[in-house]
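# output the structure for:
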Amino acid sequence: MSEAASKVAGSQNKLAALLDTTAPTLIQMKQGLSSANWRVRGKLRAVLGEDPARAFMEAMAEDLAGSANPEEISAAESFRAMLAAFPADQKAENPASLATSGASVWRKRMISPIRQIAAYAKESINLVRFSPALSQQISI
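As a prediction, the model looks like this:
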């Protein structure tokens, strides 16, 4: 995955800059000497064209699902439920090809999907709140 992302970014150094890390740290991650946190994995997926909001949520869900903490496992399940509500085949524009600064690009691209997810979550909560039958099926 990182090799493909390096090609998209133009070089390993450019990829490291997009991931807010250094080239040596990126090499350590490739070799398995250092682990990539959810932020790095989310950015890596976004560089490869995945929707940034979805990429970050999937990376967070992966980390939380591997936990022994019941609350974190429940949070991972909640992320998966939200992700299931949105199509996975949407491709985002490659941030490496944009001429603007990385920080502003990420922020601009994240706002719309986050608002969509927030609206969906609010609608889902209202459905459960006003539907006694649904409330019994789903514990909030």
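# what helix or strand is R80 on?
helix 70-84 (DSSP states H and E).
# cool, and L33?
Applying DSSP H and E, one finds L33 in no helix or strand.
# for G42, see how far away it is.
Going from L33 to G42 by CB to CB, to the nearest Å gives 21 Å. Yep, even glycine has a C-beta here, placed from its N, CA and C like the rest.
# quick one: which of those two has more around it?
Neighbour totals were compared for L33 and G42, and G42 leads with 24 against 9 (other CB atoms under 10 Å).
# is it true that the more buried one touches P52?
Yes: look at G42 against P52 with CB atoms under 8 Å: they come within range, at 7.1 Å.
# give me the below-cutoff pLDDT ranges for this protein.
Flagging of the chain using pLDDT under 70 yields the residue ranges 87, 89-140.
# how about the helices in it?
Secondary structure of the chain (DSSP state H): helices located at 2-9, 12-18, 23-31, 38-47, 52-65, 70-84, 102-130, 132-137.
# look up the closest residue to Q28, ignoring the ones flanking it.
Of all residues not flanking Q28 in the chain, S34 sits nearest, at 3.9 Å (CB to CB, 6 or more residues apart in numbering).
# now do A61
A61 sits nearest to F79 (CB to CB, 6+ apart), 3.8 Å away.
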